[in-house]
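Engineer: Give me a model of this one.
(one chain, ligands or ions: 2)
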Amino acid sequence: MQLPDELDPAGFLAEFWQKKPLFVRAGVDAPLPQLSPDELAWLATLPDVESRLVFTERRQGKTTYRVDHGPFDDSVLAALPDRDWTLLVQDIDKHLPEFRRWFDLVPFVPDWRIDDLMISFAAPGGSVGPHVDNYDVFLCQAAGQREWRLTRADSVSESGANGELALLNEFAADQSWIAQEHDILYLPPGVPHWGIAVDRCMTFSIGMRAPEWPEFASASERLFPTRKIADQEAIGRSLFYRDPDLQADEASPGLISRRALLRARDWVAACHPDDEQIAAILGSVVTDPKAWLSPEHPGMAESHDIARDSGKRAELALHGMAKIAFARTDNGSRGGGFLFVNGFHHSADAVQIDQIERLCRSRRLTADDLAQWRAKPALQDLLAWLLSHGAFDLGTE
Ligand code: SIN
Ligand code: CO
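Structural biologist: Ligands and ions are numbered 1, 2, ... in the order given. Predicted coordinates for the structure are as follows:
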């Protein structure tokens with residue numbers, strides 16, 4: 001991403017990340033995969049794709065918003081009016097893995113903090129209404145123009161009128177911009193915002209995620225049932241993991257940094273003083289896929305077969321839906337850590353972790369890599385474990 005002249009990634013993280021909005025003119029500085037409105041509409045007809053249509057309804061001077069959930073019939077999408085609706089499709093990166101390249105716009109954010117690429121297409125006047133989000137987001141204008149209005153959190157009130165949309169009452173903007181193709185608006189969590197399509201426009205949102213206390217607590221209970229995690233409200237902790245002190249060197253493919261482990265330990269008030277426990281919980285939570293986005297995977301016997309037999313697969317690529325990460329923990333001479341795939345964890349020695357790091361970087365095992373993995377029993381076992389937990393795409397040979 002092309003940051004403004006005076007700002008480098010370290011400056012962006014120090015001044016803006018998790019703190020305040022930044023509007024960047026022409027921030028999209030590289031050619032990236034594009035999707036046409038028709039292709040987006042086609043995705044919204046598919047059953048395993050999460051999609052929504054939000055309609056802006058204006059009646060007697062009052063505006064309300066209505067949401068319908070996909071999958072949608074072709075006929076519904078073909079009959080949409082000329083104005084006042086938005087179609088939003090989540091997890092484009094999982095369904096069309098080449099769209100992961102959009103994440104290259106934010107190389108200073110660890111990949112495990114990124115949730116998905118959402119694409120919206122709006123007719124003029126289309127909007128999801130004024131709202132706040134719980135997570136950081138980079139809103140990239142891909143086509144057409146959208147007006148963004150922002151205000152301060154203490155100057156808004158919740159609107160009870162729009163049910164599940166959890167909207168705010170319309171507000172007078174403190175700041176506003178007309179985003180043109182290639183502009184990027186970065187928003188930290190909790191900033192009231194309201195995007196309204198000026199003309200037919202497309203917005204690509206790189207949305208973050210951060211572990212939420214209840215999911216952290218339930219992973220802790222599942223993995224370490226004898227150690228009780230504190231009540232979040234009772235000890236006055238934030239509902240979400242936060243990292244306003246994030247450093248650019250923490251972003252390396254697949255890596256859950258040492259600083260992230262320390263932050264998580266502080267966040268849960270050292271209920272898990274042990275590095276290994278914190279790593280196991282954090283990694284399991286952040287790689288847990290949405291239920292409908294779990295890659296299919298072979299059983300253990302077939303996985304061992306593929307891992308052993310050089311005639312079976314010449315190359316392996318990570319599955320588009322696979323969530324993979326690793327953490328190095330300081331455990332004396334072993335110098336290893338954990339690897340995580342789709343919500344599961346596996347302890348790993350230093351050699352295994354090094355190979356996982358390479359895999360996270362290239363997202364594939366070439367014929368040479370596979371020969372190396374198959375030749376070493378510890379790597380062969382790890383390969384079988386990865387296969388049996390849905391790390392690789394076995395759809396095409
Ligand atoms: C959109 O793309 O229409 C809405 C994104 C947002 O406001 O969070
Ligand atoms: Co939003």
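Engineer: And the pLDDT at the residue of the chain found nearest ligand 1?
Structural biologist: Here the chain gets closest to ligand 1 at one residue, residue 120, 3.4 Å apart by Cβ to the nearest ligand atom. The C-beta positions use only the backbone N, C-alpha and C, and glycine is treated the same way. Here, the pLDDT recorded for residue 120 equals 98.
Engineer: now swap in residue 333 and tell me
Structural biologist: In this prediction residue 333 is given a pLDDT of 49.
Engineer: same question, residue 272
Structural biologist: Taking residue 272 on its own, its pLDDT is 74.
Engineer: same deal with residue 330?
Structural biologist: At residue 330 the predicted local confidence, pLDDT, stands at 69.
Engineer: just to revisit the earlier point, tell me the bridge partners for the residue of the chain closest to ligand 1.
Structural biologist: Taking DSSP bridges, one obtains residue 88, residue 203 as the residues bridged to residue 120.
Engineer: and residue 53, what does it touch?
Structural biologist: Under the criterion of Cβ atoms under 8 Å, 6 or more residues apart in numbering, the neighbours of residue 53 are 44, 67, 68, 70, 72, 80, 85, 86, 87, 88.
Engineer: and residue 147, bridged to which residues?
Structural biologist: Residue 147 has these beta-bridge partners by DSSP bridges: residue 178, residue 196.
Engineer: So which residues of the stretch 251-397 of the chain form helices?
Structural biologist: According to DSSP state H, counting those that start in this stretch, the stretch 251-397 of the chain carries its helices in the segments 258-267, 275-286, 300-308, 350-362, 367-375, 377-388.
Engineer: same question, the stretch 51-200 of the chain
Structural biologist: With DSSP H, counting those that start in this stretch, the ranges of helices along the stretch 51-200 of the chain come out as 74-78, 92-95.
Engineer: what does the shortest one rub up against?
Structural biologist: Applying Cβ under 8 Å, 6+ apart, the external contacts of helix 92-95 come out as 35, 43, 46, 49, 99-100, 102-103, 116-119, 293, 320-321.
Engineer: any idea which of those residues is the one closest to residue 241?
Structural biologist: Using Cβ to Cβ, residue 116 is the member of the contacts of helix 92-95 that sits closest to residue 241, with 17.5 Å.
Engineer: so what's the nearest residue to that closest one once chain neighbours are set aside up against?
Structural biologist: Once its chain neighbours are removed from consideration, residue 116 has its nearest residue in residue 91; the separation is 4.6 Å (Cβ to Cβ, 6 or more residues apart in numbering). With contacts defined as Cβ under 8 Å, 6+ apart, the neighbours of residue 91 are 49, 50, 116, 117, 118, 290, 293.
Engineer: which of those residues has the most neighbours?
Structural biologist: Neighbour tally across the contacts of residue 91 (other Cβ atoms under 10 Å): the maximum, 26 neighbours, falls on residue 117.
Engineer: That one: what's it in contact with?
Structural biologist: Contacts for residue 117 (Cβ under 8 Å, 6+ apart) come out as 91, 92, 93, 99, 100, 102, 103, 204, 205, 206, 207.
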